[in-house]
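> A predicted structure for the sequence below; I have some questions about it.
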Amino acid sequence: MKTAIIYASKTNTAKNCAEMLAEELKGKTKTALFALPATIPLGSYASYVIGAPVRAGRISGKMKRFLNANKAILLQKPLYIYLCCVSVDDFDKYIKDNIPAELADKAVACMRFGAEFNKDTAKGLQKMMLNAMTKSYKKENRPLPEIDRIKIKEMSSMICG
Ligand SMILES: Cc1cc2nc3c(=O)[nH]c(=O)nc-3n(C[C@H](O)[C@H](O)[C@H](O)COP(=O)(O)O)c2cc1C
């Protein structure tokens, strides 16, 4: 039993989540992590996890292209999807707007794994925006977003259950 964890990540939150999930699954199932773009022998895996961050309501073009190009094969095995995003309220809309409906309907779980403002790994415009977002959160005394480790544990139990 092997699980492919396939993610796209700009400032490492989705990558960190993929690594945390792999850690949770250690000793229970073998995992392989793939950062898009990548050539993935999808047929060799018993289940798939797809992870993507949301920016301006959208997942990245490379993840969208991957999902569309591999829809048929992804539908053949248990599929788990996570998004990294700040918004709790918009999560369902992000799934609806970004994940092909057949995949979202067939998925065992679609989960929000939380978010981070990783200024140190960002560059250029992303860094400027993250600096501005962090400043505004601090000004309003709002706690900075974090990865939801409970959801990661939950997905791990579903994969191994
Ligand atoms: C420019 C920018 C736009 C963002 N837009 C959204 C958004 O529309 N909705 C949301 O919930 N979170 C939004 N976020 C928060 C990201 O989803 C969050 O920072 C996430 O952890 C990034 O994942 P990554 O590090 O894997 O790229 C945005 C972040 C940035 C920097």
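Noted; the coordinates are in hand. Numbering: from 1, shown residues only.
> which SSE is the residue most central in space within the chain in?
With distances taken as C-alpha atoms, centre = their mean, the residue of the chain nearest its centroid is residue 51 (2.3 Å). Residue 51 is located in strand 47-53, with elements delineated by DSSP states H and E.
> Residues in contact with that strand: which ones?
Here strand 47-53 makes contact (C-beta atoms under 8 Å, 6 or more residues apart in numbering) with 1, 3-11, 13-14, 17-18, 21, 29, 42, 59-60, 63, 67, 74, 77-85, 98, 103, 113, 115, 155, 159. The C-beta positions use only the backbone N, C-alpha and C, and glycine is treated the same way.
> out of those residues, which touch the ligand?
Filtering the contacts of strand 47-53 for proximity to the ligand by C-beta under 6 Å from any ligand atom leaves 9-11, 13-14, 84-85, 115.
> could you dump stretch 69-88 to CSV, C-alpha only?
C-alpha atoms of stretch 69-88 as CSV (Å, rounded to 0.1, in the frame of the first residue of the first chain):
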residue,chain,number,x,y,z
ALA,A,69,-4.8,15.9,-17.3
ASN,A,70,-5.0,13.0,-14.8
LYS,A,71,-8.7,13.1,-13.9
ALA,A,72,-9.4,9.6,-15.2
ILE,A,73,-6.6,7.9,-13.3
LEU,A,74,-7.2,9.9,-10.1
LEU,A,75,-10.8,8.6,-10.1
GLN,A,76,-9.7,5.0,-9.9
LYS,A,77,-8.2,5.0,-6.4
PRO,A,78,-9.2,6.6,-3.0
LEU,A,79,-8.5,10.4,-3.3
TYR,A,80,-8.0,12.9,-0.5
ILE,A,81,-7.8,16.6,-1.1
TYR,A,82,-6.5,19.4,1.1
LEU,A,83,-6.4,23.1,0.5
CYS,A,84,-4.2,25.6,2.4
CYS,A,85,-6.2,28.8,2.8
VAL,A,86,-6.9,31.4,5.5
SER,A,87,-10.7,31.5,5.0
VAL,A,88,-12.9,29.0,6.7
